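Q: turn this into a structure:
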Amino acid sequence: MGSTPRPVYYPAMLDLADRDVLLVGGGEVAAQKAGPLIEAGARLRVVAPDLVPTLRARVEAGEAAWEQRDVRPGDTDGCGVVVCATNQREVNKQVSQEARAAGIPVNVVDDPELCTFIVPSTVRRGPLQVAVSTGGRSPAFAKFMRKELEQAVGAEYGVLAEIAGHMRDVARQAGVSYQQRDETAAAALPELLALLRDGREADAWALAEQRATATTA
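A: Numbering: from 1, shown residues only. Below is the predicted model of the structure:
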């Protein structure tokens, strides 16, 4: 038998830099959610009566603001995104309803029915992000796949992403068309990856520079 039908989500990456984001909850799950939001450059505001030490440390470091109280109506006003991570479903539901009414994207941890977006498991290697989602059907399976990808996608892929981005910048500045840039990078990437796996990063950067500029010849 299949699982209960769920929405087919549209994958996207959100730019939260300098956006106001509300995080409701101060427990371990909230602390886990805070990290990626802070790394994304969000202006994070945490509303909770108390915080676990890891989340309190982020507040004390100036990475987030904390309002020591229960959430109340109006807390979602002006937010770009709302994340709710309490263990009180009625509270989560009220926050979700308020955010939805205002057209604000909201994620309620482990309760897809109250979400307008879900957060995938992510593997990061430098600028490279590989996201895994089961559409909310099985967070455990998404985490399993993330661990599999962590083994398969090594640190060299992060460097390769940096090199590929540099090739694109060099080619754009030289006036190379999008199609030429794409074809040049696609042809060079396997060789660049092989160099990185051999520990020859300097050679990889030099080859990328050569290939990017050679497209104007």
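Q: from here on, contacts and neighbour counts on C-alpha atoms
A: Will do.
Q: give me the buried positions along the helix or strand that contains residue 189.
A: Element membership of residue 189 [criterion: DSSP states H and E] is helix 178-197. Residues of helix 178-197 classed as buried: 181, 184, 185, 188, 189, 192, 193, 195, 196 (neighbour count, 16 or more other Cα atoms under 10 Å).
Q: next up, the contacts around the fifth one.
A: To tie it back to what came earlier, the one meant is residue 189. 160, 164 (Cα atoms under 8 Å, 6 or more residues apart in numbering).
Q: same thing but at 10 Å, please
A: For residue 189, the contacting residues are 160, 161, 163, 164, 195, 204, 208, by Cα atoms under 10 Å, 6 or more residues apart in numbering.
Q: ok, those residues vs residue 20, which is closest?
A: Using Cα to Cα, residue 161 comes nearest to residue 20 of the contacts of residue 189, at 29.0 Å.
Q: helices and strands around the helix or strand harbouring that closest one, which ones?
A: For residue 161, the host element (DSSP H and E) is helix 155-173. Using 3 or more Cα pairs under 10 Å, 6 or more residues apart in numbering; DSSP states H and E, the elements in contact with helix 155-173 are strand 121-125, strand 128-132, helix 178-197, helix 201-214.
Q: could you look up the SS state of residue 150?
A: helix (DSSP: H, G, I helix; E, B strand; the rest coil).
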